[in-house]
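S.K.: Sequence and predicted structure, then a few things I'm wondering about:
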Amino acid sequence: MNTRKSLWAVAGMCFLISMGGANAQGVDQNTKRAEDLRKVLQKISLPDGFKIELFALAPGARHMAIDHNTGTVWIGSRRSTVWAASDLDMDHVADRVEKFSPGTKFDAPNGVCLAPDGILYVVERNRVLQFPDNVAVVKQGDLIPRAEESRGHSARVCVIGPDNKLYISLGQPYNVAPLKKIALYEKTGIGGMIRMDRDGGNREVVATGIRNSVGHAFNPQDGSLWFTDNQVDGMGDETPPGELNRMPEMGMWYGFPYFGGGDVRTDEYKDLKIPKNLKDRYVRPQVEMIAHAADLGMMFYNGNMFPEKYHNAIFSAQHGSWNATIPRGARVMVTFLDANGNAVKTEPFAEGWKTARGDYLGRPVDVQQYVDGSILVSDDKAGAIYRIRYQ
């Protein structure tokens, strides 16, 4: 028996039953909104030979997980919905976008990730669910202490590592975490990253000193884990930088809250000596991004559609600033690596969602590789998924 097919056959039947009909809670894909977004996409600049198109409408679209056997795209949100997008006629445009498991009361189900055997994980603000069984491998209130729950920095992301463990980033709730919280956060992995067995057991903290990572991925070439990090606000429009980081090994420290981003010390900690046990484990970012662009989702490209120069490059989304005097971001970046797996060059790949006045026409969140080697880009402002292909 094919485990993946049998699991999702059961899930599909349950899904349709709970839907009360195939179109009961779907999103109409043929609307004026779709037409307007296609006009916006005409303004997006890309390298020669690339084209961007609308793949799906999905309100609040955030991080994505793609089943490369069925083509299903699961889409998280910061609200109460996980979407399932299906391209039934295989024309690389979603025909159907429906609420996934609508009987489940989700709480900020931003993080979705798919295991090789077809098991889907949904990471919420303070719970981890596993489908198709719809069981909590981390029960409500057990991901972080309930007293540390917040609306800010609660968009979790997840990935299944080459060790078949579940990795989850846990943003901490402050702009700059107070000193009295550091011991708790180092113990629980808040302001860092944790991993666990896929059944929720054997939890351990694998990284600390991270302010709010909302994007991570393993390099398929060397197995190293990379992640983005959003840095401290209120220090000026041009400082501190955002970050793209590489983990040389598990258990390292990435600077926060002593550093606000890159080598910039935070005002709250600038007069404090960095403890030796942290300093000895400090890892500088591989790439310093423009300040306050809000670097979020990322992926390594290993498809066959794009030119060779993009093979194993990192594509990442800049969501766009929320409080900078001069807005910035709202674009997709590409980072090229050298033979040793280190970043050597970062440049814009897709941009044009920000007008000359600084208004956002869209705000990219995540980037994932689609089944045909194109890439999908989610946009939570527009409530859409875009597809970028090479012609």
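M.R.: Yep, that arrived.
S.K.: Assign a three-state SS to Tyr185, would you?
M.R.: helix (DSSP: H, G, I helix; E, B strand; the rest coil).
S.K.: Numbering from 14 from now on, please.
M.R.: Got it, the first residue is 14 from now on, which makes the last one we talked about Tyr198.
S.K.: Chain neighbours aside, what residue packs nearest to it?
M.R.: Gly204 (4.6 Å; CB to CB, 6 or more residues apart in numbering). Bear in mind the C-beta positions are built from the backbone N, C-alpha and C, glycine included.
S.K.: Centroid-wise, who is the farthest residue in the chain?
M.R.: When distances are taken from the C-alpha mean of the chain, Asp284 lies farthest, 33.8 Å away, according to CA atoms, centre = their mean.
S.K.: ok, that residue to Ser387 distance?
M.R.: 50 Å (CB to CB, to the nearest Å).
S.K.: again with Met248
M.R.: Met248 is 38 Å from Ser387, by CB to CB.
S.K.: Could you tell me how many residues sit around Pro254?
M.R.: 22 (other CB atoms under 10 Å).
S.K.: Please apply the same query to Tyr282.
M.R.: Other residues close to Tyr282 by other CB under 10 Å number 17.
S.K.: Likewise for Asp80?
M.R.: Counted with other CB under 10 Å, the neighbours of Asp80 add up to 16.
S.K.: next one: the one 4 residues further on
M.R.: The burial metric for Gly84, expressed as a neighbour count using other CB under 10 Å, is 17.
S.K.: Where does it sit: helix, strand or coil?
M.R.: Classified using three-state DSSP, Gly84 is coil.
S.K.: Would you confirm that it contacts Ser99?
M.R.: Yes: if you go by CB atoms under 8 Å, Gly84 and Ser99 touch, sitting 7.1 Å apart.
S.K.: follow-up on the earlier one: in this structure the residue nearest to Tyr198 contacts Val189, no?
M.R.: No: counting by CB under 8 Å, Gly204 sits too far from Val189 to count as a contact (10.5 Å).
S.K.: which regions of the chain sit below the pLDDT cut-off?
M.R.: 14-37 (pLDDT under 70).
S.K.: show me where it has helices.
M.R.: 16-32, 45-54, 195-201, 289-292 (DSSP state H).
S.K.: returning to that earlier point: for Gly204 and Val189, indicate the residue with more neighbours.
M.R.: Gly204 (29 against 19).
S.K.: who's in contact with that one?
M.R.: For Gly204, the contacting residues are Leu183, Gly184, Gln185, Ala190, Tyr198, Thr221, Gly222, Ile223, Arg224, Asn225, Phe269, Pro270, by CB atoms under 8 Å, 6 or more residues apart in numbering.
S.K.: could you redo the last one with a cut-off of 10 Å?
M.R.: Counting by CB atoms under 10 Å, 6 or more residues apart in numbering, Gly204 touches 161, 166, 182-187, 190, 194-195, 197-198, 220-226, 267, 269-270.
S.K.: Can I get stretch 143-151 as CSV, trimmed to CA atoms?
M.R.: The C-alpha trace of stretch 143-151 is given here as CSV (Å, rounded to 0.1, in the frame of the first residue of the first chain):
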residue,chain,number,x,y,z
GLN,A,143,-0.2,16.5,12.5
PHE,A,144,-2.4,15.5,9.5
PRO,A,145,-4.2,13.6,8.2
ASP,A,146,-4.8,12.2,11.7
ASN,A,147,-5.4,15.8,13.0
VAL,A,148,-3.6,15.1,16.3
ALA,A,149,-1.7,17.5,18.4
VAL,A,150,1.9,16.3,18.6
VAL,A,151,2.5,19.4,20.8
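S.K.: Now Val347. Nearest residue, chain neighbours left out?
M.R.: Per CB to CB, 6+ apart, closest to Val347 is Phe362, 4.1 Å.
S.K.: how many neighbours does the one you found have?
M.R.: Counted with other CB under 10 Å, Phe362 comes out at 22.
S.K.: what do you get for Thr338?
M.R.: So Thr338, with other CB under 10 Å, has 11 neighbours.
S.K.: do the one 5 residues further on as well
M.R.: By other CB under 10 Å, 26 other residues sit near Ala343.
S.K.: ok, it - contacts?
M.R.: 306-307, 330-334, 364-368, 371-377, 392, 394.
S.K.: Repeat the analysis, applying 8 Å as the threshold.
M.R.: Going by CB under 8 Å, 6+ apart, the list of residues near Ala343 reads Gln331, His332, Gly333, Glu364, Trp366, Lys367, Tyr373, Leu374, Gly375, Arg376, Pro377.
S.K.: Out of those, which is nearest to Arg402?
M.R.: Set against Arg402, the nearest of those by CB to CB is Pro377 (16.5 Å).
S.K.: quick one: that closest one and Trp366 touch, right?
M.R.: Yes: Pro377 lies in contact with Trp366 (CB under 8 Å); the separation is 6.9 Å.
S.K.: Pull up the overlap in contacts between those two.
M.R.: In contact with both Pro377 and Trp366: Ala343, Arg344, Asp392, using CB under 8 Å, 6+ apart.
S.K.: need those residues in CSV with distance to Arg216, can you?
M.R.: Converted to CSV, the shared contacts of Pro377 and Trp366 look like this (distance: CB to CB, whole Å):
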residue, distance to Arg216
Ala343, 36
Arg344, 36
Asp392, 33
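S.K.: List just the nearest of the residues you listed to Asp276.
M.R.: Once CB to CB is applied, the member of those that ends up nearest Asp276 is Arg344, at 24.8 Å.
S.K.: who's the closest one bridged to?
M.R.: Gln331, Glu364 (DSSP bridges).
S.K.: And it, how close does it get to Pro186?
M.R.: Distance from Arg344 to Pro186, by CB to CB: 27 Å.
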